[in-house]
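> Build me a structure from this.
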Amino acid sequence: MALSTENEPSPGAASAVSEASLGPAGSCAPHKLGLARFGWGLWLRDLFISVAISAFIIVFIYQPVKVEGTSMMPSLADQERIFVNKFVYRLEPIERGDVVVFRYPRDPSKSYIKRVIGVAGDRIRIDGGQVYVNDETLDEDYVPPAYSDARSYAEIVVPAHSYFVLGDHRSMSNDSRDFGPVNQNYIYGKAAFGYWPMDKMGRVR
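Next up, the predicted model:
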């Protein structure tokens, strides 16, 4: 993307151009050519900058991923494409309700996506499918009755630097009820934005 320079015309060439200037377009052609090349140079520069910024965002901030499985339905569907923000938790803490992406504790080569239900120090209990956090009923409007699970689980206290996570499709999810709280070191991003299919486009809630 280097800019090329042109050689200066010889005296003979200058004279020829002068004679040809009887036609109104003759003397303007080299000037227009120079402007056109200058315009292309600016366009290529802007394109390069745009591509570089996009690459930086994708590599260091947002990562496109494909959801595999139904454990987060109806919030996230099987094969849905979303962007994961890999930078956000450098600036703010993980909170209850966040949909996070993490390495599966029993096999770190795999990635899971679940919703944070409890943070360090929280007491989590599930009674007949109803989740209680610190003895208070958790309002979960993202879990329709058809996706609930009537099983009960004994109370646990979430350890330091860890998070209790559940899938929204409770009867089909492998989550903290099975493998326990997830250490923060395994969590590497927050589900931010769905982009495919089009009818699912929007911020992940």
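
> Tell me the helices and strands packed up against the longest strand along the chain.
The single longest strand within the chain, with elements called by DSSP state E, is strand 187-196. Other helices and strands packing on strand 187-196, by 3 or more CB pairs under 8 Å, 6 or more residues apart in numbering; DSSP states H and E, are strand 62-66, strand 81-85, strand 99-103, strand 202-203. Yep, even glycine has a C-beta here, placed from its N, CA and C like the rest.

> I figured residue 184 hits residue 161, correct?
Yes - counting by CB atoms under 8 Å, residue 184 does reach residue 161; the two are 4.9 Å apart.

> Looking at these two, which is more packed in?
Neighbours around residue 184 and residue 161, counted as other CB atoms under 10 Å, are more numerous at residue 184. The numbers are 18 against 12.

> In contact with the nearest residue to residue 173 once chain neighbours are set aside: list those residues for me.
The shortest distance from residue 173 to any non-neighbouring residue, by CB to CB, 6 or more residues apart in numbering, is to residue 167 (2.7 Å). Taking CB atoms under 8 Å, 6 or more residues apart in numbering, we find residue 167 in contact with 71-72, 114-115, 173-175.

> hmm, who's touching stretch 196-205?
Contacts with stretch 196-205, where a contact means CB under 8 Å, 6+ apart, come from 75-77, 80-82, 99, 142, 191-195.
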